[in-house]
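> okay, here's the prediction I keep looking at, along with the sequence it came from:
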Amino acid sequence: MSYLIDGLQYSNWSEDIFRQLRAGGVDAVHVTLVYHETFRETVANIERWNRWFERWPELIFQGFTAADIATARATGRTAIFFGAQNPSCIEDDIGLVEVLHRLGLRFMQLTYNNQSLLATGCYEAEDTGLTRMGREVVAEMNRVGMVVDMSHSAERSTLAALEHSSRPIAVTHANPAFWHPARRNKSDAVIGALAQTGGMLGFSLYPHHLKGGSACGVDDFCAMIARTAERFGTHFLAIGSDLCQNQPDSVVEWMRTGRWTKAVDYGEGSKDAPGFPPMPRWFTDTRDFGNISKGLATAGFSVSEVEAIMGGNWARFFASAFGAADRQDGTKRAAE
């Protein structure tokens with residue numbers, strides 16, 4: 001069975017957007033809970049999602065395991081999987097990794113754009129790799145079944161995470177630097193290592209990650225995916241749209257500056273264009289995923305390859321990534 005799965009969104013969630021997920025046939029989506037939030041603030045965000053799950057149970061429900069993708073398809077709903085774009089939610093306490101996993105957190109980035117307690121972000125001048133705490137947290141994430149996400153991390157840190165992690169990791173939303181050399185896009189070394197270790201690369205539709213920005217065409221985007229597949233294979237490729245639908249510009253300010261500075265930080269934007277860039281006209285909401293599927297077919301992908309990129313690869317990865325690691329006696333812990 002083919003699935004439609006989006007590897008990352010941070011939309012301004014509403015009933016309208018939940019209905020668009022259903023209209024677009026999206027079986028599962030990884031949603032951002034955290035940019036700079038503390039543990040308690042993260043719990044408050046989970047509480048808000050719990051109210052949405054209660055209010056619109058016919059549209060959405062919380063996903064915990066890969067089996068929930070099939071449940072979503074069978075019941076005509078969308079499974080929501082939680083993730084963090086920054087480890088601020090664990091503060092300086094490794095024990096919160098398991099606590100948050102039990103609450104449903106299935107992805108956590110080791111950094112956003114800055115240096116964290118765990119690793120180095122892609123905006124730092126010096127990349128020191130994984131810290132001592134970073135190595136310990138990666139091991140704990142491996143143990144409980146939380147995916148190490150390096151989407152916003154710098155090169156050395158990302159390669160160190162790939163080497164140190166005992167389980168495959170993900171870059172949920174970025175594009176190849178060979179196509180567009182944005183700070184957030186990934187080198188051949190990183191992409192090749194993901195391909196060789198069972199990891200995942202989710203292609204981003206955020207305009208600052210696209211060659212040509214908002215004017216990027218679907219044919220160019222899908223040709224880039226085809227070029228990546230030719231070089232590294234299709235088995236680890238997916239979509240992580242990074243859709244920030246209906247978010248006010250105050251949210252992108254929070255994403256970029258959090259509480260770490262009093263100054264204005266334009267990130268990938270500029271003084272002249274400080275807000276969210278407009279999405280490409282062929283992908284403005286989740287009802288437009290069909291444009292990507294058609295574009296992939298036009299780019300030469302087979303039906304089975306299109307299905308893999310649009311969700312099948314994520315489904316397989318979820319199945320292996322979310323469960324607890326094997327015990328030393330060879331048995332597996334029960335899935336949370």
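Structure's in. What do you need?
> ranges for the strands of the stretch 151-300 of the chain?
170-171, 200-203, 237-239 (DSSP state E, counting those that start in this stretch).
> so which of those gets nearest residue 159?
Nearest to residue 159, of all those, is strand 170-171, at 11.8 Å by Cβ to Cβ. Any C-beta I mention is one placed from the backbone N, CA and C, and that applies to glycine too.
> I'd like the average pLDDT over that closest one.
For strand 170-171, mean pLDDT rounds to 98.
> likewise for stretch 84-96?
The model assigns stretch 84-96 a mean pLDDT of 98.
> buried sites along that stretch?
Buried residues in stretch 84-96, counted by 16 or more other Cβ atoms under 10 Å: 84, 85, 86, 87, 88, 89, 90, 96.
> how about these in TSV, adding secondary structure and distance to residue 127?
Formatted as TSV, these follow (DSSP: H, G, I helix; E, B strand; the rest coil; distance: Cβ to Cβ, whole Å):
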residue	secondary structure	distance to residue 127
84	strand	21
85	coil	18
86	coil	17
87	helix	17
88	helix	20
89	helix	23
90	helix	21
96	helix	25
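> wait, which of those residues is closest to residue 297?
The nearest one, if we look at the buried residues of stretch 84-96 relative to residue 297 and count by Cβ to Cβ, is residue 85, at 31.6 Å.
> right, and that closest one touches residue 109 too?
Yes: here residue 85 lies in contact with residue 109, judged by Cβ atoms under 8 Å, at a distance of 5.0 Å.
> what residues are shared contacts of those two?
Counting by Cβ atoms under 8 Å, 6 or more residues apart in numbering, the residues touching both residue 85 and residue 109 are 149, 151, 152.
> right, so the strands of the stretch 151-300 of the chain: which one is the most enclosed?
strand 170-171 (a mean of 29; mean count of other Cβ atoms under 10 Å).
> which residues does residue 176 contact?
The neighbours of residue 176, taking Cβ under 8 Å, 6+ apart as the test, are 185, 186, 188, 191, 224, 227, 228.
> quick one, which of those residues are buried?
Among those, those buried by neighbour count (16+ other Cβ under 10 Å) are 185, 186, 191, 224, 228.
> among these, name the ones in helices.
Assigned to helices by DSSP state H, the following of the buried ones among the contacts of residue 176 qualify: 191, 224, 228.
> out of these, flag the one nearest to residue 317.
Closest to residue 317, out of all of these and judged by Cβ to Cβ, is residue 191, at 15.5 Å.
> was I right about that closest one contacting residue 201?
Yes: under the criterion of Cβ under 8 Å, residue 191 makes contact with residue 201 at 6.1 Å.
> returning to what we had before: export the strands of the stretch 151-300 of the chain to a markdown table and tack on distance to residue 216?
Shown next, in a markdown table, are the strands of the stretch 151-300 of the chain (distance: least, Cβ to Cβ, whole Å):
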| stretch | distance to residue 216 |
| --- | --- |
| strand 170-171 | 19 |
| strand 200-203 | 12 |
| strand 237-239 | 15 |
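> select, out of those, the one closest to residue 131.
Of the strands of the stretch 151-300 of the chain, nearest to residue 131 by Cβ to Cβ is strand 170-171, at 19.7 Å.
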